[in-house]
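S.K.: what's the 3D shape of this:
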Amino acid sequence: MKILGWAFTVMILFASIAVMITAMLVYATHTNWRDSYQALNTKLQTEQAKNADLEASYLRQISLLEAEREAAQQDVRKLETERLQLDGENKALQSDLDQAKEKNSQLFATVTTTEQNNHILSEEVTQLRQGIRTAQQERDELFDTTLQATTKLHTTAGQLAQVKERNDQLVQDLAQKTATMRELGIDPNTDATPRVRGVIVASRRIAGGQLIEISVGADDGIKQGQTVEIFRGERYLGRAEITKADPDRAVGQVLREYQQGQIQEGDDVATQLRVG
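M.R.: The predicted structure is shown next:
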């Protein structure tokens, strides 16, 4: 019984120790769970606050994204409008470009035609300049000819005045001689053939013939269109037709069909004139 009592006592002791240890463990465990709960609760509150902040941030981000999406949609609509405008402008520019190309082609053709016309005009200008130079030369020649003709005209006018004066004298002389012949009983209409003689004072060759200048002229009865005979001593040389008769000189052209020798200065000439 004593051993059994010791046994129960020991068992009770061990049981008490076990209960005590268990109680200690439970107490320790209870204390740890509370701390853990408090820590977890604190963490939960912190996380809930963070979650609230995140939700608020999320909502703000959603609002910003919505605003950005709306702005982006407005930008898209604006860009679409601008694209349509640009497309219209592009079509208009393309049309202007096509018109410009067509005008450029027309202008190129016009430039080509203008260059051809300029070339033609340049040739015409060159010809006109040559014509002007030729005309100027001809004008100068005509001026010289006119000047010479004017000089000859004045000379001829002076000679004509002298011829008229001489003619008036001859008419007066003829009237006096006619009156004298009538007083002497001579008919003034009687034919007479006085011989007029002279010499060749100049000779010049021309194309197709020969001109001679003789020392007798209109004052001696030489007239334009009549002929004179040419001789040297007893040798007959030919005949010349008077082409110009001045008061004291006359010019004639040698008739080749009557020429029988070389005619030169110093040869004699003679003709028969019908008075009246």
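S.K.: so where do the strands sit in the stretch 101-250 of the chain?
M.R.: 195-206, 209-214, 227-232, 235-245, 250-255 (DSSP state E, counting those that start in this stretch).
S.K.: mean confidence score for the second one?
M.R.: What it means is strand 209-214. The average pLDDT for strand 209-214 rounds to 95.
S.K.: ok so, going back, tabulate the strands of the stretch 101-250 of the chain in JSON lines, adding columns for distance to residue 111 and mean neighbour count.
M.R.: C-betas here are computed from N, CA, C, even on glycine. Rendered in JSON lines, the data for those read as follows (distance: least, C-beta to C-beta, whole Å; neighbours: other C-beta atoms under 10 Å):
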{"stretch": "strand 195-206", "distance to residue 111": "60", "mean neighbour count": "13"}
{"stretch": "strand 209-214", "distance to residue 111": "64", "mean neighbour count": "20"}
{"stretch": "strand 227-232", "distance to residue 111": "75", "mean neighbour count": "19"}
{"stretch": "strand 235-245", "distance to residue 111": "65", "mean neighbour count": "18"}
{"stretch": "strand 250-255", "distance to residue 111": "66", "mean neighbour count": "20"}
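S.K.: distance to residue 16 added to the ones you listed, as TSV?
M.R.: Listed next are the strands of the stretch 101-250 of the chain as TSV, based on distance: least, C-beta to C-beta, whole Å:
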stretch	distance to residue 16
strand 195-206	187
strand 209-214	191
strand 227-232	203
strand 235-245	194
strand 250-255	194
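S.K.: so which of those comes closest to residue 79?
M.R.: Nearest of these to residue 79, taken as C-beta to C-beta: strand 195-206 at 103.8 Å.
S.K.: what does the closest one rub up against?
M.R.: If you take C-beta atoms under 8 Å, 6 or more residues apart in numbering as the criterion, strand 195-206 is touched by 210-216, 220-222, 228, 230, 249, 263-273.
S.K.: and if we set it to 6 Å?
M.R.: Residues outside strand 195-206 that contact it (C-beta atoms under 6 Å, 6 or more residues apart in numbering): 211-216, 220-221, 264-265, 267-271, 273.
S.K.: who wins on neighbours among those residues?
M.R.: Looking at these with neighbours defined as other C-beta atoms under 10 Å, the largest count falls to residue 214 at 27 neighbours.
S.K.: list the contacts for it?
M.R.: Contact analysis of residue 214 by C-beta under 6 Å, 6+ apart lists 198, 200, 250, 269.
S.K.: what about residue 121, how many neighbours?
M.R.: Considering only other C-beta under 10 Å, residue 121 is surrounded by 12 other residues.
S.K.: got it, and the one 5 residues further on?
M.R.: Applying other C-beta under 10 Å, we find 10 residues neighbouring residue 126.
S.K.: which pLDDT value goes with it?
M.R.: 86.
S.K.: let me know the closest of the contacts of residue 214 to residue 139.
M.R.: Nearest to residue 139 among the contacts of residue 214, with distances taken as C-beta to C-beta, is residue 250, at 34.9 Å.
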